[in-house]
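A.B. asks: could you look at this predicted model? Sequence included:
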Amino acid sequence: MPQMNMMQALTSAMDVKLAEDERVLAFGEDVGYFGGVFGVTRGLQEKYGSSRVFDAPINEGAIIAMAMGMATNGMRPIAEIQFADYIFPGFDQIISELTRIRYRSAGQYTAPVTIRTPCGGGIYGGQTHSMSPEAFFTHIPGLVVAMPSNPYDAKGLLISCIESDDPALFFEPKRLYNGPFDGDPNKPQSSWKDHPKGEVPEGNYTVPLGVADVVREGSDVTVVAYGTMVHVALAAAEAEGVDAEIIDLRTLIPYDIDTVARSVQKTGRCVILHEAPRTSGFGAELAAQIQEDCFYSLEAPIQRVTGWDTPYPHAHEWSYFPGQERVARALKKTVEFA
Amino acid sequence: MPQMNMMQALTSAMDVKLAEDERVLAFGEDVGYFGGVFGVTRGLQEKYGSSRVFDAPINEGAIIAMAMGMATNGMRPIAEIQFADYIFPGFDQIISELTRIRYRSAGQYTAPVTIRTPCGGGIYGGQTHSMSPEAFFTHIPGLVVAMPSNPYDAKGLLISCIESDDPALFFEPKRLYNGPFDGDPNKPQSSWKDHPKGEVPEGNYTVPLGVADVVREGSDVTVVAYGTMVHVALAAAEAEGVDAEIIDLRTLIPYDIDTVARSVQKTGRCVILHEAPRTSGFGAELAAQIQEDCFYSLEAPIQRVTGWDTPYPHAHEWSYFPGQERVARALKKTVEFA
Amino acid sequence: MGKAEPRISVPAPAFRPGDTPGFSRLGLPRPGHHARPDILADAAEIRDLAFGLVGVLDEEANAVGDWAPGLSPEELRAGLKTMVLTREYDNRMLKMQRTKRLSFYMKSLGEEAVAVAATQALDAGDMLFPSYRQQGALIQRGAELVDMMCHCISNSRDNLKGRQLPVHYTRKDLNWFSVSGNLGTQFPQAVGWSMASALKGETAIACSWIGDGTTAEGDFHAAMTLASTYNAPVVLNVVNNQWAISMHNSISGGKAPSFAAKAIGYGIPGIRVDGNDYLAVAAVTRWAAERARGGGGPTLIESYTYRGEAHSTSDDPSKYRPKDEYEAWPLGDPVERLRAHLIKLGEWDGEQHEAWQAECKQAVADAWKEALTYGTLEEGPHAPVPTMFEDVFTAQPWHLRRQRQELGV
Amino acid sequence: MGKAEPRISVPAPAFRPGDTPGFSRLGLPRPGHHARPDILADAAEIRDLAFGLVGVLDEEANAVGDWAPGLSPEELRAGLKTMVLTREYDNRMLKMQRTKRLSFYMKSLGEEAVAVAATQALDAGDMLFPSYRQQGALIQRGAELVDMMCHCISNSRDNLKGRQLPVHYTRKDLNWFSVSGNLGTQFPQAVGWSMASALKGETAIACSWIGDGTTAEGDFHAAMTLASTYNAPVVLNVVNNQWAISMHNSISGGKAPSFAAKAIGYGIPGIRVDGNDYLAVAAVTRWAAERARGGGGPTLIESYTYRGEAHSTSDDPSKYRPKDEYEAWPLGDPVERLRAHLIKLGEWDGEQHEAWQAECKQAVADAWKEALTYGTLEEGPHAPVPTMFEDVFTAQPWHLRRQRQELGV
Ligand SMILES: Cc1ncc(C[n+]2csc(CCOP(=O)(O)OP(=O)(O)O)c2C)c(N)n1
Ligand SMILES: Cc1ncc(C[n+]2csc(CCOP(=O)(O)OP(=O)(O)O)c2C)c(N)n1
Ligand SMILES: [Mg+2]
Ligand SMILES: [Mg+2]
């Protein structure tokens, strides 16, 4: 099977859909001729022409509104927001319009738009190229929110989003574009080549929305993570020698409560990870729901290991990032709690 | 002492600050000559002139950016957003700019802006005049978020926000403007006249930020609420005959974890209320933190009684609103949990 | 440099309650003044239209000048009838709101031509992205009053299942988009919709309306930028009815010479038209639609008009403007002006007009009666409660299913 | 209506990699062409300036026409020196980024006059709201290179405590606002700042710069609307360097005849100026500043220039435009043009120029060496880790205190 890094897998997902469905379009800032600042749409304009893959004015609200207008007229646009940090000029169009049109029109209009956007830190991007703003979007009724942790899922989930009749926000952990990252900035960048999830079929396949992946079975503690933090969790569990069950959520809305609850009911302990600030982060929702669904099983308080409640700093990137050491400490504390 | 409804108390807060501090300005859509669509700035332009109290173009981002620019030049603007539902065109200026300028400038610039905005349902406002979007803002580092439940607190908290050197978002539960509302739409509208918190001093006083108010002591269960839901909680506890300890949070960020945790450690049970949708609502943060801080004390899962994860509907307003019956049911379930 | 003195100013309307309004200051061009350019004229060559005022009906109710659209008597009568019907509908609905049968209402008094004439000039397949004050366009498109009413009172026949405030109509079957409560958001969506149409090789264009106050929103700029960049086949209207809620258009418009002039900076034709002149609105809209359909791209039209009543049932305009300002408005009443024109043409008379008015009143009353048979907001029946949890997603996810169960429905 | 055929188009630049660039098509007015209007001229009367190009330096390096700003030789020399220093600074920093001492860098090659001349034309008390490409303005204001470098490498002397990406300078002491990573956001803030100044009765005005691509953001419209409505004493600059990152200005500008022309729709003077002509930029900025200070309100200035290098260290421009497009740019190099002018005036010579260049190189090298003594991004020392939790709020709330403790600092 072909080996792809996450960027190639994403390009392939769009390529597949552009080829098989003429309603699919892709646009955004620098997306056309240049192929995107990270190169994720590279080659697509050449292949599909500039009326299907094109540049858009630097106005994120305009991009989302245009996508929505097109979608209500039968298209399936894929809109790229260059960095997740820059999605907020489009926030109103997402919350007030894109995600409400089905509801407020009682199903007369639908807006199957997929918004792709790179998120997360670990590249010294400072406070405006590092955000993980997923929590905001999980509070918006009617929006599918997904975040893959590897090339295989990236392609399959992106295709699911494009094929979904619901609007979807697809986060791409940019630190994973070129290879898995376990949170240790001092190790040389590893590659997807040697990773089983770097094997990506050429054609159409989907990873279903709303279904988590148990990436490691274990019995001591359940770790719920997504995106980059999945890799940090694996490394931390190994380093600490904890028999953790590690769940890669993959879809945040709707999240896979069954898989999560089943695991916590088994382990009795839970640690939740995300890179975003803690307060009102998505970990809060998970913890609130887990404690409700698994109250009888819980033998320790659910811990959240997260970014801090500050903007993402530049120099102190690795003090901000919830790395292996902090995760390991939380695992230990949770497992030893009595 | 004078009796004021919540609108009058808010007007009075601004009046006091406009009079004693010439750096204070108030502006927004329809805020000047007309005095605001709810009348909260009524009389202020006449009193302080149109260079201190004035109308602003219909662009919420512009209003917040203007306020921020002014604040970095020594002013203390109070910006009104006509409905909380319409704050999102200004979301980027809030998250990327207003709340970051102190941090990113390492304290060289500060932006003491107060944003006032009416929120919440119960007035048949439909999906675009009923939102309670507070959770979004609690995930933004650097923003004070407050919501009063009565005229006395409204004035004191608003003055605290205006006097704070931090940017603050001040939510005004519009259903409480004219009187307390316990969630029963069939009862005639009651008035603040007969309410002890309708007694409001004329001059300057503050209600401190970050300090909750225990509005009812009790031993069976802790109820954490804010805004309109405080009144619903009181009525539901009484109706159900539950000896609830009811906490009015008043400030959401920073929230008063001490008061909340002390109470839950005492009662061992907790129900959290808000009108906003449940998933990733502010109740999630509260539940996550409480289960962590009070794990040993908890005798039942923390329940959330909230609005549903849908837009706020028009006709089904009272099926959406988390009214007395739903609160009472949750209280009962929590108290009886074993 | 002299004594430096930067100063700001806050615009105020010319007249406030207590003042005697007078609009001689407007100094607008007379009907017939402007030539009608070629539909594919270069935007740079017709900038004067953005500062002028296209008018067709003169004071003697004659259609004059280049822009006279040549509508047939049948078309003109249809337009007049729709405007009268719209006005009667509005009157009834306002009254019903006053007696609390509606939670809210918004009239379009004085602005009927802006919606009706424009829609008549479009094809039935063109998609309308209206604001909340184009009910005339919906009626023009053939909506039944009873359906509109059922929506407004959220009863069991409300096609929006009680989810929306009154007047926030959605009618896909009539190529009418969905009225949003959020100002301006539909403007760039209309551009996107029109682009999709062109990409599919279809001839339908999109047409949107926003108010003068709404032009201040970022979405106005978004729409103009998109339309200009992609040469989108869209007609973008600014309904300058002089007022937002209590704010005069000078607050959102600032020192702009006109709203149409905003088009210049985007290389788009901007045309200001007398919005109370049915023929002029029809003519300008037709020009823009032909241009769009012919590959010429977008047009910005400013309809210069006056909001005859309150903004909505939630405000009292006598608090912020002279009570008689509407009477002083120099561009008259669109219904009266078209009526006079038809009478002048010998295609209508006072008796017919009264008969039609009476017919409309009756139709509205009948529709209202029928609407009530499907229930009311206060007493129901409404759409079944479980529908509240539908249409959030295509399929109901677990959390909404649980919430529905929690509500016990 | 003929065969209807709406169609969209996606603008493309005239030249792509492999093409031979040539700019004869530009057809811009010659230096000296435009008259300089009265500083309080009615915006409506000077619309031609938005479609033209104010230039002062002709091809023989003479200052010609009405707009010649009458800068003294000292002022001109200072301007030239600052531009050369800026260029040397940029060169060094780029090199240091290539050797991984900086995480990121952005040069201003070819655009030095836009920042330096404008700032020289302002008062030191005027507040600058820059984008990330006005380092020349900061140097003009007297920032020490070593301080700028220490920020860029986030070391222990970084006045921003390592919180910001390189080039995101903040210097309140120099009346330089805070560079934001978010495009356009500072434009309306500048308007607000200037309004506060006027409200306090102070004479300071505000001046902001954004790029051509950034004009598409809603914040551009917000700024223009606010400035127009309140007559704010602000100078708003669009630096049209032809490119966003890989996108040609026709993507954000659409069919706009110029970026300056966007001012027309707001009733604000819009002036397009040759951004590579130091004298012209100074003259136009001075005009706008005098106007603002004299109560005349805002001006929009489009500086027509060309981005000589990559957007930032993260892109390779040869991927999207001809390698030699900069050389083909018809308006030359601002440094060369001012140098030629000064030489023509007999106030500068080649030797002096070389000496100054050498001096700058040395100063930059010395500053770099000194900067390194305060640490580097990779190896530190940085601001102490606990500072990461400061300045979020005025006082540290419990949750940040707990988080700091959790980190063990
Ligand atoms: C984003 C947003 N901000 C504010 C409002 C509140 N609001 C509703 S209508 C209105 C005035 C609009 O004026 P205008 O655009 O002139 O339209 P008109 O009602 O005159 O047709 C305002 C401020 C809103 N609905 N949406
Ligand atoms: C809101 C936002 N969207 C996107 C970006 C990413 N971005 C950074 S610079 C840039 C191009 C800006 O082009 P222009 O305005 O012409 O400025 P220039 O760099 O040419 O001076 C883009 C798209 C951003 N920083 N902020
Ligand atoms: Mg209006
Ligand atoms: Mg540029």
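C.D. replies: Done, it's in. Residues are numbered from 1 along each chain as shown, chains lettered A, B, ... in the order given. Ligands and ions are numbered 1, 2, ... in the order given.
A.B. asks: could you find the closest non-adjacent residue to residue A:100?
C.D. replies: Spatial nearest neighbour of residue A:100, chain neighbours left out: residue B:311 (5.4 Å); criterion: Cβ to Cβ, 6 or more residues apart in numbering or on different chains. For every residue, glycine as well, the C-beta is placed using N, CA and C.
A.B. asks: which pLDDT value goes with that neighbour?
C.D. replies: Reading off the per-residue confidence, residue B:311 sits at a pLDDT of 98.
A.B. asks: test my guess that it contacts residue B:125.
C.D. replies: No. Proximity of residue B:311 to residue B:125 does not meet the contact threshold set by Cβ atoms under 8 Å, at 11.6 Å.
A.B. asks: these two: which is more packed in?
C.D. replies: Here residue B:311 and residue B:125 are compared on neighbour count by other Cβ atoms under 10 Å in any protein chain shown; more neighbours surround residue B:311, at 29 against 24.
A.B. asks: surely the more buried one forms part of a strand?
C.D. replies: No. Under the criterion used here (DSSP: H, G, I helix; E, B strand; the rest coil), residue B:311 is coil, not part of a strand.
A.B. asks: any idea whether residue C:115 is helix, strand or coil?
C.D. replies: Put simply, residue C:115 is helix when judged by three-state DSSP.
A.B. asks: ok, now how distant is it from ligand 4?
C.D. replies: Distance, residue C:115 to ligand 4, using Cβ to the ion, to the nearest Å: 41 Å.
A.B. asks: helix or strand: which one has residue C:95?
C.D. replies: When secondary structure is defined using DSSP states H and E, the element that contains residue C:95 is helix C:73-98.
A.B. asks: just the buried residues of that helix, please?
C.D. replies: Of the residues in helix C:73-98, C:76-77, C:79-94, C:96-97 count as buried by neighbour count, 16 or more other Cβ atoms under 10 Å in any protein chain shown.
A.B. asks: check the gap between the residue nearest the centre of chain A and chain C for me.
C.D. replies: With distances taken as Cα atoms, centre = their mean, residue A:147 lies nearest the centre of chain A, 1.6 Å away. Taking Cβ to the nearest Cβ, to the nearest Å as the criterion, residue A:147 is separated from chain C by 17 Å.
A.B. asks: show me the contacts for the residue nearest to that residue when sequence neighbours are not counted.
C.D. replies: Counting by Cβ to Cβ, 6+ apart, residue A:147 lies nearest to residue A:171, which is 4.1 Å off, once chain neighbours are set aside. Taking Cβ atoms under 8 Å, 6 or more residues apart in numbering or on different chains as the contact definition, residue A:171 lies against A:84, A:117, A:118, A:119, A:120, A:132, A:134, A:145, A:146, A:147, A:227.
A.B. asks: just checking, next helix/strand downstream of the helix or strand residue C:288 falls within?
C.D. replies: With elements delineated by DSSP H and E, residue C:288 resides in helix C:278-293, which encompasses its position. Moving toward the C-terminus from helix C:278-293, the next helix or strand (DSSP H and E) is strand C:299-304.
A.B. asks: contact partners of that following strand?
C.D. replies: Contacts to strand C:299-304, defined as Cβ under 8 Å, 6+ apart, come from residues C:28, C:50, C:53, C:111, C:114, C:118, C:224, C:235-240, C:258-260, C:262-263, C:266, C:268-276, C:281, C:284-285, C:287-288, C:291-292, C:331.
A.B. asks: which residue ranges of the stretch 1-150 of chain C form strands?
C.D. replies: Ranges of strands in the stretch 1-150 of chain C, per DSSP state E, counting those that start in this stretch, are C:127-129.
A.B. asks: and stretch A:290-308, how far from the chain's centre?
C.D. replies: Counting by Cα atoms, centre = their mean, to the nearest Å, stretch A:290-308 is centred 22 Å from the centre of its parent chain.
A.B. asks: now, the contacts of strand C:299-304 that are in helices?
C.D. replies: C:50, C:114, C:118, C:224, C:281, C:284, C:285, C:287, C:288, C:291, C:292 (DSSP state H).
A.B. asks: in TSV: these, plus distance to residue B:220, neighbour count and pLDDT.
C.D. replies: What follows is the ones in helices among the contacts of strand C:299-304, written out as TSV (distance: Cβ to Cβ, whole Å; neighbours: other Cβ atoms under 10 Å in any protein chain shown; pLDDT from 0 to 100):
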residue	distance to residue B:220	neighbour count	pLDDT
C:50	70	24	98
C:114	61	31	98
C:118	63	31	98
C:224	60	31	98
C:281	67	31	98
C:284	70	32	98
C:285	67	26	98
C:287	73	27	98
C:288	68	29	98
C:291	71	24	98
C:292	67	31	98
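A.B. asks: and the furthest pair within those?
C.D. replies: The most widely separated members of the ones in helices among the contacts of strand C:299-304, counting by Cβ to Cβ, are C:224 and C:281 (20.6 Å).
A.B. asks: what about the helix or strand where residue C:354 lies and chain B, touching?
C.D. replies: For residue C:354, the enclosing helix or strand under DSSP H and E is helix C:350-372. No. Counting by Cβ under 8 Å from any Cβ of the partner chain, chain B has no neighbours in helix C:350-372; the shortest distance is 14.2 Å.
A.B. asks: give me the distance from that helix to the chain's centre.
C.D. replies: Averaged over its C-alpha atoms, helix C:350-372 has a centre that lies 23 Å from its chain's centre (Cα atoms, centre = their mean).
A.B. asks: so what secondary structure elements neighbour that helix?
C.D. replies: Contact here means 3 or more Cβ pairs under 8 Å, 6 or more residues apart in numbering or on different chains; DSSP states H and E; on that basis helix C:350-372 packs against helix C:73-98, helix C:145-152.
A.B. asks: what about the helix or strand just after that helix, distance to the chain center?
C.D. replies: The C-terminal neighbour of helix C:350-372 among helices and strands, as given by DSSP H and E, is helix C:398-407. Using Cα atoms, centre = their mean, we find the averaged C-alpha position of helix C:398-407 to lie 40 Å away from the chain's own average C-alpha position.
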